[in-house]
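J.: Can you look at this prediction? I've put the sequence above it.
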2 protein chains.
Amino acid sequence: MSPQRLSQDYPWVSSPVIVSAPMSGFAGPALAHAVFKAGGIGFLGGLPDIKALRTALQDVTELVTGNRLLQPETTLPIGLGVLLFAQKLDEVVALIAEFRPVAVWLFAAHESADFGRWTEAIRKASERTKIWIQFGSVTGAVNLAQSCKPDVLVLQGADAGGHGGEKGAGIISLIPETLYALQSLELDDMSIVAAGGIADGASVAAALALGADGVVMGTRFLVAEETVVHPAYQAAILETEDGGQTTTRAKLFDELAGPNIWPKDFDGRALIAQSYHDHIQGISIDEIRKSHAEAKQTPHLGFDQENRRAAIWAGTGVGFARKKAPASEIIAEVRQAARIALERAITVLG
Amino acid sequence: MSPQRLSQDYPWVSSPVIVSAPMSGFAGPALAHAVFKAGGIGFLGGLPDIKALRTALQDVTELVTGNRLLQPETTLPIGLGVLLFAQKLDEVVALIAEFRPVAVWLFAAHESADFGRWTEAIRKASERTKIWIQFGSVTGAVNLAQSCKPDVLVLQGADAGGHGGEKGAGIISLIPETLYALQSLELDDMSIVAAGGIADGASVAAALALGADGVVMGTRFLVAEETVVHPAYQAAILETEDGGQTTTRAKLFDELAGPNIWPKDFDGRALIAQSYHDHIQGISIDEIRKSHAEAKQTPHLGFDQENRRAAIWAGTGVGFARKKAPASEIIAEVRQAARIALERAITVLG
């Protein structure tokens, strides 16, 4: 609703604004920096290990500034993802105060009031840091817009890879209906960023047509050269097509290594693997966990075709992650294709 | 891929091309005719009762021509939906030969070879009748494009109301990936029509950006004045919002009145009703059927809030079906909003 706010708040961005998702364990300093350099908004994934998170923030500061020092009164032009249910507010907020990331992306709380606590603490610790909140329902997004007044609402559709609401619509209806509701309440001064199934230029163009001011890609960046990803995991992403058929949403993927620690309304979209087939056939979770643990001991950690039992998070757009490339190339290709797609749409409209 | 084919084959259409879904039991002569008059493409829903279908075709012929006679060498400018698993080829093809609908929309076969049999028989019976085939996966759509060479491929995303593939992506990734695959195979001379979650101008604009040549709306037309729908059913549609949370896909909805007759890979999206809550809680199908049968005896047939146990088919875009209106008004509003949405997207792109 306020596309100009994105270019004001992140003055290095080019249009369309492409954001790399804060994929925990995958989105490290190199990817966040590469996306920043390409005129996008790069995010570090949230890490429960606070020491590792501190190192990541130091490393990305060095990549951006050439040393480990940030000028006073400035922000680090990199975003930080936070998984609310898995990270400690005090620890993370202390890092935010120290490193002043330009944006913090809040996701996955046990209770919606947690978003308020985090928002307040972050704003107090680093007033220039923008608050991004991700949600996947109209009602939830509108409630958070009212209670937290985030700078950016990330609207996540059911096509997204990795974690999200167990129930949900694709962005095709989620975004327009949320915008309609926000406008009715005159809550239309925040930016809207779309996530879920966006992996090529046409889907970027579609997200803008739906009313988004920018877009998130996650799965597509799993094949960026700068992403931290096991080769067998990346190979699985590269070879998979037709994501609506080859991925599925399930809580099972969070239960493979032990009890599910995610908030109750969450599940995740991942490649359909043997673990999932077993689950559908009624095999007990204990047996599935045992087989999973065995697969994790094999050379490819259960990611390869032969022993595929581990969770390989991927969205329905996985078919567009068909070639490993630097993030800058991925972004350039998607940007150009988005323009072509919009021009085509205008022509069809006549 | 061939938007110009739509305006050649259906010369009365205005852009963007809006199609009313052949909703069985809901999309009758009045709706199909109203959509035609508004410059869209109106479809009659498929009906297993061949006599009722004949009457519907007679009635819509009369609405279009002013009498029951179609000029020789012409087609009836109305489409006909066919549910392959539920209708008899010989019976339906005889009607197609007699009434020459401009298009026949094939959906829901037990086996993909059935699409070939129907396509061939229809082409032989009425050579001017265009073949539309609906599918919801990249692989399936591409295979049907190769084997049947339909004039129109309807790509149906998981957000769609009513029946569709049990597994599937939203159109955000389904359409671009299918187009990519079709282009790679040089199968790019058919028109692509998008279905699933499209209910307002922004989603229409998004579908065009994704590469569609036209769009289908179903749920939104459930509140058209010309649609055949029980008042309590329509009231439920009108009052429901946030479709990602208030609808769900399940096979259960096809089991409420007896055994499920749909092909095995199908389910349907409907409002979450008490029957579904019961199912999730492990209540037996026999009990659920008994309660459903009782609810069907109440004045509102189990559609009202108090006794809601019957299937109320709706897509995730149900929140935009907020006002009863003539189909022509719905179409005019959506068309105008689609233009505004695309213009906004171009502005955001800069």
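T.: Cool, got the structure.

J.: The closest residue to A:Ile198 other than its chain neighbours pairs with what?
T.: In space, and not counting its chain neighbours, A:Ile198 is closest to A:Val215: 5.0 Å by Cβ to Cβ, 6 or more residues apart in numbering or on different chains. C-beta here means a position set from N, CA and C on the backbone, and glycine is covered the same way. According to DSSP bridges, the residues that bridge with A:Val215 are A:Ile18, A:Ala194.

J.: Surely A:Val215 is in contact with A:Ala194?
T.: Yes: between A:Val215 and A:Ala194 there is a contact at 5.1 Å, judged by Cβ atoms under 8 Å.

J.: list residues touching both of these two?
T.: Residues touching both A:Val215 and A:Ala194 by Cβ atoms under 8 Å, 6 or more residues apart in numbering or on different chains: A:Ala207.

J.: Please state the offset of the top helix by length along chain A from the chain centre?
T.: The longest helix of chain A (DSSP state H) is helix A:327-349. Here the centre of helix A:327-349 is set off from its chain's centre by 21 Å, with Cα atoms, centre = their mean, to the nearest Å.

J.: what's the neighbour count on whichever residue of the stretch 251-350 of chain A sits closest to chain B?
T.: Relative to chain B, the nearest point of the stretch 251-350 of chain A is A:Thr316 (3.5 Å; Cβ to the nearest Cβ). Counted with other Cβ atoms under 10 Å in any protein chain shown, residues neighbouring A:Thr316 total 35.

J.: Give me the pLDDT for it.
T.: Looking at A:Thr316, its pLDDT reads 98.

J.: doesn't A:Gln245 make contact with it?
T.: No: between A:Thr316 and A:Gln245 there is no contact under Cβ under 8 Å: 9.2 Å.

J.: Can you find the helix or strand in chain A with the smallest mean pLDDT?
T.: helix A:3-9 (a mean of 89; mean pLDDT, DSSP states H and E).

J.: mind checking how far that one is from the chain centre?
T.: How far helix A:3-9 lies from its chain's middle: 20 Å, per Cα atoms, centre = their mean.

J.: Give me the contacts around it.
T.: Here helix A:3-9 has contacts from A:13, A:15, A:17, A:102, A:130, A:151-152, A:189-191, A:213-214, B:347-348, using Cβ under 8 Å, 6+ apart.

J.: Most neighbours among the residues you listed, which one is it?
T.: When neighbours are counted by other Cβ under 10 Å, A:Gly214 leads the contacts of helix A:3-9 with 27 neighbours.

J.: if you skip the residues just before and after it, what's nearest to that one?
T.: A:Val17 (3.3 Å).

J.: cool, A:Val204 as well?
T.: Closest to A:Val204 by Cβ to Cβ, 6+ apart is A:Ala338, at 4.0 Å.

J.: Can you get me a residue count around the residue nearest to A:Ile198?
T.: A:Val215 is flanked by 27 other residues according to other Cβ under 10 Å.

J.: dump the residue contacts of it.
T.: By Cβ under 8 Å, 6+ apart, the residues touching A:Val215 are A:Pro16, A:Val17, A:Ile18, A:Val19, A:Val193, A:Ala194, A:Ala195, A:Ile198, A:Ser203, A:Val204, A:Ala207, A:Leu208.

J.: would the last one count as being in a helix?
T.: Yes: assessed by DSSP: H, G, I helix; E, B strand; the rest coil, A:Leu208 belongs to a helix.

J.: residues near it, how many?
T.: Count around A:Leu208 with other Cβ under 10 Å applied: 31.

J.: I'd like to know how far A:Arg249 sits from B:Phe115.
T.: 29 Å (Cβ to Cβ, to the nearest Å).

J.: just to revisit the earlier point, could you tell me the model confidence score at the residue nearest to A:Ile198?
T.: Confidence score, pLDDT, at A:Val215: 98.
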